[in-house]
Structure formats: C-alpha cells, structure tokens
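Undergrad: Provided below for reference: sequence and predicted model.
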Amino acid sequence: MSDASQKTGGPGYGLMGLTAATVLTALGAIFIYVPTEQTEGIVQRIMYFHVPSAWIAFFAFFVVFLCSILFLWKKEREWDIYAHASAEIGIVFCSLVLITGPLWAKPIWGVWWVWDARLTSTLVLWLIYVAYLMLRAQSEPGSIRAKYAAVIGIVGFLDIPLIHFSVLWWRTFHPDPKFITTQGLGTGNTTSMNITLLIAVAAFTLLYFLLMGLRVRLERMKDEIDRIKKERLYSH
Amino acid sequence: MDNLKYLFAVNVFVWGGIFVYVFSLIRRNHSLKKDLDLLKETLKKDSAHE
C-alpha cells in the first residue's frame, strides 16, 4: 500500500481521553476552584474561555505561518496540508474570541463592541484567514493554489504582533495583558487565577492537537481518493 | 443570579460550538473513510477480473 494510505490514521484514544480529562478539570477549576473576581463579579470567568481561545488562535496561525514557509521552501504537499488544517482550526478559535469578547464586554463596558485597536486588529486577522480559506475553497487544487495560500498565510500572521502590542501602543478599551506583563509572567492575576488560566490553556491546546489530527486525516484521505481515481482513469 | 445564568449560557455556547466542529470533523472522516474503502474494494474487484 502507498505511503498516503498508511498516513490516514487519526488521533489516538489516548489523546482523546487526555483532552476530555483536561477539559473537565478546566471546567471544575473555572466554576468551582477559582474565587469570583471582586470588581467584575462572576462574568469575569468568561476570561477563562476568551484568553485560551485567543492563545490557541494565535498558535494555530503561527503554525500556518511556519508550515507556509516550509511549503514554499521544500514544495512538499505535507506542509500545505498542515497549514490548511491549522488555518481552519485557527478560524474556529478566532471566532470564539470575537464572540466571547463582546459577551464579556456587554455587562462590563455596557457595549458589545468598540472600534479600538485590539478589537479591530483581531477582526482584521479573522477576515485575513477567512480570505485564506475562501481562496482555497474557490480555486482548483494544485501547487498554484497552495503557493497563493502560503503567501496569505505568511502575510496574515504579521497582524498578530500588532494585536498583542496594540493595547500597549494605543489607548484602548481592551485591558492590558494580565499574564504576560512587563513585570513578569502572571503578575497581573492572583495565583488561583493563573492556575485556572493555565489549566484552561492546556485543555484548549490538547483540543487543538486533537482537531489537527482529525483535520489532517481528512485532507490525507481526500488526497488518497484523488490519487486512486486518477490511477483508475489513466489505467483504462 | 442573572449573571450566573448569563455565564452558563456563554459556557454552553462556547462548548456547543467546539463540539459541533468536532462532530462535523468526525462525521466527515467517517464518510470519507467509507468512500475510500469502497474505492479500494472496487479496485480490488477490477484487478481480480483482469
């Protein structure tokens, strides 16, 4: 059997079990362990979904950036598959950021949305990678499509440093980072808040790898079906 | 109490969204696996006839 068919295995039960256990631990920490923040009240717990979603979206787009560079350099389909899979997952988590942000903002700021630098640059990031997926969906499969997608994947990532530093460079509604601060890691939060945040980030990270396993498997199976169909066509 | 309901609704929405995506991937994986197995079976039958 070909290499491609051997690579169509998905994520193992071990990863699924570990992800489920970490997600449950995170939910326990968010709703039972961590004390309610005094200023914002119980609504502040949305942070434990919002911040990990943002971190995973950024990580997913970093993987797109890295795999796109590797694809342009090595011209191997494998890197294109990883970039495509990670972009789709990045969009899912970036959408969660853009939804949980306004849901958190409304009871605290009194408005769903403001056009400040952090929110606007995050929306721009989402639009860039939606364009990336639209380009892939609308054009013919092949190396030209992969090259154009790789260029968007690389250029789009440049928005992420802008998003991170936007709250420091400009006056924004969005609060400053509470975990990665200029005074050191985690100095903006209490210990229990940092622990809960780290568990939630671990759960979302495992979820990312689980989704990557499923999404990459899907793309490899599509390739395998195309290869068999082409072989049959040329053999007749 | 209202805020607790609100937080619960946000939580259901977030995890609901993630699970919809996970199950859509699992469903698409099963469907493609079926297609792939069928194609391989057809190929095997074709080569047996030749």
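TA: Cool, the structure landed.

Undergrad: how far away is the residue nearest the centre of chain A from residue A:98?
TA: To find the centre residue of chain A, average its C-alpha atoms and take the closest one (CA atoms, centre = their mean): that gives residue A:57, at 2.4 Å. When CB to CB, to the nearest Å is the yardstick, residue A:57 and residue A:98 sit 9 Å from each other. Where C-beta positions appear, they are placed from N, C-alpha and C, glycine not excepted.

Undergrad: Helix or strand: which one has residue A:123?
TA: Element membership of residue A:123 [criterion: DSSP states H and E] is helix A:117-138.

Undergrad: what about the helices in chain B?
TA: Using DSSP state H, the helices found in chain B span residues B:2-49.

Undergrad: Please point out which parts of stretch A:209-218 sit buried.
TA: For stretch A:209-218, the buried set under the neighbour-count rule, 16 or more other CB atoms under 10 Å in any protein chain shown, comprises A:210-218.

Undergrad: so how far is stretch B:33-42 off the chain centroid?
TA: Shown here is stretch B:33-42, whose average C-alpha point lies 18 Å from the average C-alpha point of the whole chain (CA atoms, centre = their mean, to the nearest Å).

Undergrad: ok, residue A:11 - how many residues close by?
TA: Applying other CB atoms under 10 Å in any protein chain shown, we find 17 residues neighbouring residue A:11.

Undergrad: Not counting its neighbours along the chain, what's nearest it?
TA: Using CB to CB, 6 or more residues apart in numbering or on different chains and skipping the chain neighbours, the partner closest in space to residue A:11 is residue A:213 (3.0 Å).

Undergrad: The one you found and residue A:81: what is the separation?
TA: The span separating residue A:213 from residue A:81 equals 12 Å under the rule CB to CB.

Undergrad: and what of residue A:44?
TA: On the measure of CB to CB, residue A:44 and residue A:81 end up 39 Å apart.

Undergrad: Compare these two and say which is more crowded by neighbours.
TA: With neighbours defined as other CB under 10 Å, residue A:44 and residue A:81 compare such that residue A:81 has more, 22 against 19.

Undergrad: ok so, going back, same list, the buried residues of stretch A:209-218, but as TSV with pLDDT please.
TA: Converted to TSV, these look like this (pLDDT from 0 to 100):
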residue	pLDDT
A:210	95
A:211	95
A:212	96
A:213	94
A:214	94
A:215	95
A:216	95
A:217	94
A:218	94
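
Undergrad: can you put the residues you listed in a markdown table and add secondary structure?
TA: Below are these laid out as a markdown table (DSSP: H, G, I helix; E, B strand; the rest coil):
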| residue | secondary structure |
| --- | --- |
| A:210 | helix |
| A:211 | helix |
| A:212 | helix |
| A:213 | helix |
| A:214 | helix |
| A:215 | helix |
| A:216 | helix |
| A:217 | helix |
| A:218 | helix |
